[in-house]
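Visitor: Have a look at this prediction, sequence included:
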Amino acid sequence: MKYRTLGKTDLQVSAIGLGTMTWGLQNTQEEGFEQMDYALEQGVNFFDTAEMYAIPPSQKTFGATETIIGNWFASRVKRDKVILASKISGPGLSWIRDGKSIDKKNIQMAVEGSLKRLQTDYIDLYQLHWPNRGSYHFGQFWNFAPQFDAQAELDSFLEVLRCFQTLIQEGKIRHIGLSNETAWGLSNWLQLAEQNNLPRMASIQNEYSLLCRHFEPDLSEMAIHEECGLLAWSPLCRGMISGKYLDGARPEGARVTIETRPEHRVLPQTDAAIKKYIALAKQHDLDVCQMALAFVNNQPFVTSTLIGATNMTQLKSNIDSIALQLSNEIYAGIDKIRREFPMLY
């Protein structure tokens, strides 16, 4: 396994991070335990979760994933071996604190709830799942309209940072990060922290894959030069890159099959691009999923690639991608396909 520094902290996180959102719905607790055991044995020390998991989100599954991780900590007594990340939900989900915005009161409630479910005294990286003002992620890219009261947002940023400072002083969280943020948001979070001697965002967790490259070029520039690296979620595009959903296929129990929300990634041009990537991988005798993960793993702005798996075969293959180095010829092939399909969703 390879390790990278999380932002400007002293934490060394594995370049492959273990995503957990299927545990509690697609995966049982026993299966979650098996995944955590294996990942840790392979050197994966970075586990990422969120209060709203398991996915698809619902009142019934809220908190289930954190509960499974907490039970694993209690069973294995290996809390000190794991760098644990979780997230507070942004506004909009009625069953999570009535869908209210992220503020001091809701952060305090969310942290206490996560600590209890996780059966731990502290969370290493605590992240804002999505901004109060909305996000262009989750299929909202095409209609994203960034119209908001900028000063009110900045005032909110300061309230949040001051709350985090108190929680860090209390030892309940160690570091903080963003998720599904924009360049405007990231730059202002960093600037306000510096100006007011408040905790600094250590990372930004956004979607990034062969099929979704919105992180380039502006956020990637910031990630590198501001030392606030990307934690890449959905690096296999919900498993779509494998080809299992091509031409309308819906395997039983698979993520897109059970998803209750509209799937914005399912488009004719997405299928066409996936077929090209599969052909490129076959041309070089590679597994297309490993090729896709290696592409993300080796980007200079990526701190950790967050993999997710519903079975051990997938998990083992995903972790093994850390050893794969892509040739210049493969990168040229990826570039060619991207130019054919520059904006998929």
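Guide: Okay, I see it.

Visitor: now the helices for the stretch 201-345 of the chain?
Guide: Along the stretch 201-345 of the chain, counting by DSSP state H, counting those that start in this stretch, helices occupy 218-225, 255-258, 268-283, 288-297, 312-320, 328-340.

Visitor: and of those helices, who's closest to residue 179?
Guide: Closest of the helices of the stretch 201-345 of the chain to residue 179 is helix 218-225, at 12.4 Å (criterion: Cβ to Cβ). The way it works is simple: take the backbone N, C-alpha and C, and place the C-beta from them, glycine included.

Visitor: who touches residue 122 in this structure?
Guide: By Cβ atoms under 8 Å, 6 or more residues apart in numbering, residue 122 lies in contact with 115, 171-174.

Visitor: now do 7 Å
Guide: Contacts for residue 122 were tallied using Cβ atoms under 7 Å, 6 or more residues apart in numbering; they are 171-174.

Visitor: top of these by neighbour count?
Guide: Within these, neighbour counts (other Cβ atoms under 10 Å) peak at residue 173, which reaches 23 neighbours.

Visitor: re the thing from before, select from the contacts of residue 122 every entry located in strands.
Guide: 173-174 (DSSP state E).

Visitor: and of the contacts of residue 122, the nearest to residue 15?
Guide: The shortest gap between residue 15 and any of these belongs to residue 174, at 19.9 Å (Cβ to Cβ).

Visitor: secondary structure element for the closest residue to the closest one other than its chain neighbours?
Guide: Sequence neighbours aside, residue 124 is the residue nearest to residue 174 in space, at 4.9 Å (criterion: Cβ to Cβ, 6 or more residues apart in numbering). In this assignment (DSSP states H and E), residue 124 forms part of strand 123-128.

Visitor: what sits against the residue nearest to residue 174?
Guide: Per Cβ under 7 Å, 6+ apart, neighbours of residue 124: 11, 83-85, 174-175.

Visitor: ok, back up a step: how about the helix or strand just after the strand holding residue 124 as CSV, C-alpha atoms only?
Guide: Going down the chain from strand 123-128, the next helix or strand is helix 150-169, by DSSP H and E. In CSV, the C-alpha atoms belonging to helix 150-169 read as follows (Å, rounded to 0.1, in the frame of the first residue of the first chain):
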residue,chain,number,x,y,z
ALA,A,150,-22.2,35.5,-0.4
GLN,A,151,-21.8,37.5,2.9
ALA,A,152,-24.3,35.3,4.6
GLU,A,153,-22.5,32.2,3.4
LEU,A,154,-19.2,33.6,4.7
ASP,A,155,-20.7,34.3,8.1
SER,A,156,-21.9,30.7,8.1
PHE,A,157,-18.4,29.5,7.3
LEU,A,158,-17.0,31.4,10.3
GLU,A,159,-19.7,30.0,12.6
VAL,A,160,-18.9,26.5,11.4
LEU,A,161,-15.1,26.9,11.8
ARG,A,162,-15.4,28.3,15.3
CYS,A,163,-17.6,25.3,16.2
PHE,A,164,-15.0,23.0,14.8
GLN,A,165,-12.3,24.7,16.8
THR,A,166,-14.2,24.0,20.0
LEU,A,167,-14.8,20.3,19.0
ILE,A,168,-11.1,19.9,18.2
GLN,A,169,-10.1,21.4,21.5
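
Visitor: Just want the angle from helix 150-169 to strand 123-128.
Guide: Between the axes of helix 150-169 and strand 123-128, defined by axes from the mean of the first three to the mean of the last three Cα atoms, to 10 degrees, the angle is 170 degrees.

Visitor: which residues touch residue 337?
Guide: 273, 276-277, 280.

Visitor: could the residues you listed be laid out in JSON lines, adding distance to residue 91 and pLDDT?
Guide: Converted to JSON lines, those look like this (distance: Cβ to Cβ, whole Å; pLDDT from 0 to 100):
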{"residue": "273", "distance to residue 91": "33", "pLDDT": "96"}
{"residue": "276", "distance to residue 91": "38", "pLDDT": "98"}
{"residue": "277", "distance to residue 91": "36", "pLDDT": "98"}
{"residue": "280", "distance to residue 91": "41", "pLDDT": "98"}
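
Visitor: Show me which of those are buried.
Guide: Buried members of the contacts of residue 337, counted by 16 or more other Cβ atoms under 10 Å: 273, 276-277, 280.

Visitor: Could you single out the nearest of the contacts of residue 337 to residue 243?
Guide: Nearest to residue 243 among the contacts of residue 337, with distances taken as Cβ to Cβ, is residue 277, at 8.8 Å.

Visitor: on that earlier part again, what confidence value was assigned to the residue nearest to residue 174?
Guide: pLDDT for residue 124: 98.

Visitor: how close does it get to residue 184?
Guide: Using Cβ to Cβ, to the nearest Å, we find residue 124 at a distance of 27 Å from residue 184.
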